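In: Return a 3D structure for these sequence lines:
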Amino acid sequence: MSALDQLTFDDLVANFDWLDSWEDRYRYLLDLGKKLRPYPEELRDEKHKISGCQSQVWMEITWEGDPPVLSFLADSDAHLVRGILAVLTVLLSGRTAAEVAGLDIRRDLDRLDLTDHLSPTRNNGLHSMIATIQASARRLTAS
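Out: Okay, the predicted model is just below:
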């Protein structure tokens, strides 16, 4: 269990709204990234690497239970991306495969006004992370 497990996405939205500047919001993202669960060294391989990201990103996606519920570990060599992964962890962990497959994740992230403040390459990486998670959910719901 990590400190992120105590947060809801609504908490994140409220915290973002409370912060006055994007400089403060970036610092908050960096702090969130420090709260990710440790990522196992043996999973830092090509199988777990997310393509399309400017920085290196690894993700281990697991589905447990009936109905299958998402849990994932993720890490990046970039501090800001670790913060983005923390946001995705809060938004998506604990949801069923059907929920994740049908969720408009970009719309939810718009509540943070995050994508407008990311570089085009970071936005592309975010899209790749989202696509990877949702593709996993869709494969599971199709079987």
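
In: Can you name the residues that contact the residue sitting nearest the centre point of the chain?
Out: Per Cα atoms, centre = their mean, the C-alpha nearest to the average position across the chain is that of residue 88, at 2.3 Å. For residue 88, the contacting residues are 74, 105, 129, 130, 133, by Cβ atoms under 8 Å, 6 or more residues apart in numbering. Bear in mind the C-beta positions are built from the backbone N, C-alpha and C, glycine included.

In: Do me a favour and average the pLDDT over the longest helix seen in the chain.
Out: The longest helix of the chain (DSSP state H) is helix 120-142. Helix 120-142 carries an average pLDDT of 94.

In: And the contacts of it?
Out: Applying Cβ under 8 Å, 6+ apart, the external contacts of helix 120-142 come out as 50-55, 57, 59, 61, 63, 68, 70, 72, 74, 80-81, 84-85, 88, 92, 97-98, 100-101, 103, 105-106, 109, 115, 118.

In: So which of those residues sit within strands?
Out: Mapping these onto strands (DSSP state E) picks out 57, 59, 61, 63, 70, 72, 74.

In: Next, the contact list for the residue nearest to residue 80 when sequence neighbours are not counted, please.
Out: Once flanking residues are discounted, residue 80 sits nearest to residue 29: 6.2 Å by Cβ to Cβ, 6 or more residues apart in numbering. For residue 29, the contact set (Cβ under 8 Å, 6+ apart) comprises 80, 83, 84, 86, 87.
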